[in-house]
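**Q** fold the following for me, if possible:
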Amino acid sequence: MNEPVTASGPAADDEAPTRAAHPFRDPSLPVRERVGDLLGRLTLEEKLGLLHQYQAPVDRLGLRAFRTGTEALHGLARLGPATVFPQAVGLASTWNPDLVTQVGAAAGDEVLAFHHKDPGGAGRNVWAPVVNPLRDPRWGRNEEGYSEDPWLTGVMGTAYARGLRGDHDVLKTAPTLKHFLAYNNETGRHVTSSSVPPRVLHEYELRAFRPAIESGAAVAVMPSYNLVNGRPAHLSPLIAAEVRTWTDDDVLVVSDAHAPANLVGPQDYHDDLPEAYAHAVKAGLDSFTQDDADAAATLGHIRTALDRGLLGEGDIDAAARRVLAIRVRLGEFDPATPYDGITQDVVNGPGHRALAREAARQSITLLKNEGILPLAARQTVAVIGPLSDVLLEDWYSGTLPYQVTARTALGGRCRTVHCEGVDRIALRSSGGYLQATDDPAGGPLSVGPVRSAFDVFDWGGGAYAFRAAANGRHVSAGDDGVLVNDQPGPSGWEVRQTFRMEERPGGMVLRNISTGHHVAVSGGVAALAEDPETATVFAVELIESGAVRAASAAAAADVAVVVVGDHPLVNGRETEDRTDLLLPRQQESLVRAVHAANPSTVLVVSSGYPFAVTWADEHVPAIVWSSHGGQEYGNALADVLFGDEDPGGRLTQTWYRSAVDLPDLLDYDIIGTDSTYLYFLGTPLYPFGHGLSYARFAYSDLLLSAAEAGPGETLTVRVTVTNTGDRAGEEVVQVYTHQRRSRVKQPVRQLRGFRKVRLGPGESRTVAVDVPVADLAFWDVTRGRFVVEDAPHKVLVGRSSRDVELSASFTVKGERIPPRAVVGRPIEAADHDEYDGIVLCDAAPEAGDAVRSVAPGAWIVFRDADLTGVPSGCALAAAGARGGILTLRLDDPLSGDVIGTVAVPPTPTRHDFAGLGTPLAGAAGVRDLYVVFENEGLAVSALEFRP
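**A** Next up is the predicted model:
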């Protein structure tokens, strides 16, 4: 075997005849040894080629081309027909990690099947799961996550990733966690900064990501588009300081699509791309998803960074090593792997179809039932609603191989009548009616004397879609701006099939949402116009009311099932957040009209996020929710509605009564804003964990393994659950705790474990949930570490976070947090206890957080600051473009004693923190220490009290 001449240059005769003998091809050797051997054989140029999504082959060593990034969020996506499972939020609603692992395994098998057919088209580095906690239900990508609870998110994300990676040492696929970090808004996502205090960071955000990496279920991470505390997530020091400390294995870091260039463009964090890319590589980014398949520009900027001395070959080696580690672990260089036999036969095979049905069934959540469910087969059922006879794909679902809709499945069980319940209208301008061709392929919309009918779909947020009755196709704005009725529905990344209806004198005008342009008729053809003043005013003529027709159908039936919800590509989707929680107006009116005609109404909500269905909760006797459930949704729904199966779902996020119950979408401080079920003090519409069964369950004999426990110990909670009903059913037994005394604000309740049990009539079972005392720790900002506090706790056991059946108390023998030591040691300003008018920002480009005032009179407080050393002065690092005054006060930010004042001079840039100081007067004892920012735009990174 020929050895490389240098670390970066292979020997000239290192060619194909010796490939089999290369250590990197020997599966008996440790991964690190194999990677080291392969890395040593590559030239610098070849190593550079590994740092892009589309990696070039190295023919002389037999390395094939390699691509990162196959979407597999709830099944294989974007590569053709494949099994479509419920959306991620629906999978989590099963509260069945084993089932979620099976779904992940099925998705992984289908990735392998496509990969074996087309290695270049279907890569084995899969970009799933999404483990961002669902902090706010208005987030446009809510359906991609699992739960608002970080622990449950970690459980479900780990379960799905475990299925994707497979059961062998060799990876089936390489799962990638998205999106690191603090990413729950689409509004300005490239430029907004998530202000994340230390407790929220460690107790909420990181807690969701850690389990899958720590357990080895996931092997890669994708940073998010946004900034966190003023620094782009793609440059986060937490990649090295946190993520890569959770495991001894190499963790691959891949960028989100086109995100690296944002470092210079929208985010304006660096002056040019070589500088930005150098910073990204040093921060830990290994693979650039930039410029699609064209790697040349990206690699050119990295070469320039090398030439400038911004990067060294060691930096390239570190990134290339992590890329190669994944490829070695995928078995790319092995003579055989356990997955070689997977073929296209598994794709949408019988086993996967059955699994899709079971996953959909267990995700269906019964929110309310006044005895109307289950349905009887002898009944006539009116199946009504815009989602009653269609299944919709989202950005990250596969192509549906078939569709079992609610109408189809219910129609196979009983006599049904059907009505979509949408209005049919005509649009008349001064020149005539808007006309649509009946050609199945569609054609340009024109204006003439003949009235054409259009069905109007209200998807909420002022977004409407129009389907031509003439050919059943939706109206779309073509690339040339001409309106054509040629689309099956809203579709594509740039959805050109939705419009706003804006009132004008004499009628309304249409504005295409995607382009922002209005519709104008010119030369007899309807097209988009750049000048809004030329928009054509249309009078709306109602041909048939969808609500009236639906009410008629409902009145003629024994029961009405109304299926409403969202369109995954409209109003609440990637790039667009919702502004409220309301059902679309047309759908709300439909529900009310149907119920008025037939009080025996079942409301079925199919959506990727919660709705504030407050009227329905007060009036409709039964309400069912599920996410968009995939190809078997209709069968699963029928199984549940007719009682063949128990509704197995439970909510994994709070359903609020109104958006008024929520803080600003961009406020990530769940503790300070009393957000999520952990801190929410109001009354939700449906609480976290809620979901009903057709059976009835009683809880008894709650027993704790000990009345007292300490660090390193585990408390076991046992409870007996009995099915007191007359049919089998499923119950999710949920265990929560609450710390009753603490130095800091504690969650009102926090999920610690659960068990899903199926019990027959009269059957009892004792279930046990282990609660490690270490899990009760919280982040102590005074010392920068997790702490288990000495305190009494309460265990709450029940069927949801609010429906608690039994409780018990126990004591944790932990530690007492002493007064904060402040004299003679630096204090990070970000480690304050509370604040007002403050956001967190970056203290330096590479690392470190600071606080910045966003209003005059802002403040931070360090509670129980120990000033007994009688400090004589305070030094601090401060910045501010316009300068200003900082005031140090005791016990109150407005009226407290002033112990010092600091004048901050104007500083050149936001990272130019000046070292300043002030003498102190009257600082003594243990006091609450306030730093008051008298001016907007002042920043402080650290302070120190000198004896």
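
**Q** in a strand, Ala354, correct?
**A** No - Ala354 is assigned helix when assessed by DSSP: H, G, I helix; E, B strand; the rest coil, not a strand.

**Q** got the confidence number for it?
**A** Note for Ala354: predicted pLDDT of 99.

**Q** so for stretch 877-891, mean pLDDT?
**A** The predicted model gives stretch 877-891 an average pLDDT of 98.

**Q** what comes up buried for it?
**A** Neighbour-count burial for stretch 877-891, counted by 16 or more other Cβ atoms under 10 Å, picks out 877-880, 883-884, 886-890. All C-beta spots, glycine's among them, are computed from the backbone N, C-alpha and C.

**Q** make a markdown table out of those and add secondary structure and distance to Gly643.
**A** Formatted as a markdown table, these follow (DSSP: H, G, I helix; E, B strand; the rest coil; distance: Cβ to Cβ, whole Å):
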| residue | secondary structure | distance to Gly643 |
| --- | --- | --- |
| Ala877 | strand | 67 |
| Ala878 | strand | 67 |
| Ala879 | strand | 66 |
| Gly880 | coil | 66 |
| Gly883 | coil | 71 |
| Gly884 | strand | 68 |
| Leu886 | strand | 67 |
| Thr887 | strand | 68 |
| Leu888 | strand | 68 |
| Arg889 | strand | 65 |
| Leu890 | strand | 66 |
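
**Q** just name the closest of the residues you listed to Asp423, please.
**A** In terms of Cβ to Cβ, no member of the buried residues of stretch 877-891 lies closer to Asp423 than Gly880, at 56.4 Å.

**Q** neighbours around the nearest residue to that closest one once chain neighbours are set aside, how many?
**A** Closest residue to Gly880 apart from its sequence neighbours, by Cβ to Cβ, 6 or more residues apart in numbering: Leu938 at 4.3 Å. Around Leu938 sit 25 other residues, with neighbours defined as other Cβ atoms under 10 Å.

**Q** same question, Arg740
**A** Here the number of neighbours of Arg740 (other Cβ under 10 Å) works out to 12.

**Q** give me the neighbour count for the closest residue to it other than its chain neighbours.
**A** Among residues not flanking Arg740 along the chain, Pro792 sits closest, at 4.6 Å (Cβ to Cβ, 6+ apart). Using other Cβ under 10 Å, Pro792 is surrounded by 13 other residues.

**Q** kindly report the same for Glu332.
**A** Using other Cβ under 10 Å, Glu332 has 20 other residues around it.

**Q** for it, helix, strand, or coil?
**A** Relying on three-state DSSP, one would call Glu332 coil.

**Q** do you know the pLDDT at the residue nearest the centre of the chain?
**A** When Cα atoms, centre = their mean is applied to the chain, the residue found nearest the centroid is Gly145 (3.8 Å). Note on Gly145: pLDDT of 99.

**Q** need the contact list for it.
**A** Gly145 sits next to 88-89, 92, 130-134, 153 when contact means Cβ atoms under 8 Å, 6 or more residues apart in numbering.

**Q** my read: Gln102 touches Gly163, true?
**A** Yes - with contact defined as Cβ atoms under 8 Å, Gln102 counts as touching Gly163 (6.3 Å).

**Q** the spatially closest residue to Val390 that is not a sequence neighbour: neighbour count?
**A** Residue nearest to Val390 in three dimensions, not counting chain neighbours: Thr405, with 6.1 Å by Cβ to Cβ, 6+ apart. Neighbours of Thr405 under the rule other Cβ under 10 Å: 20.
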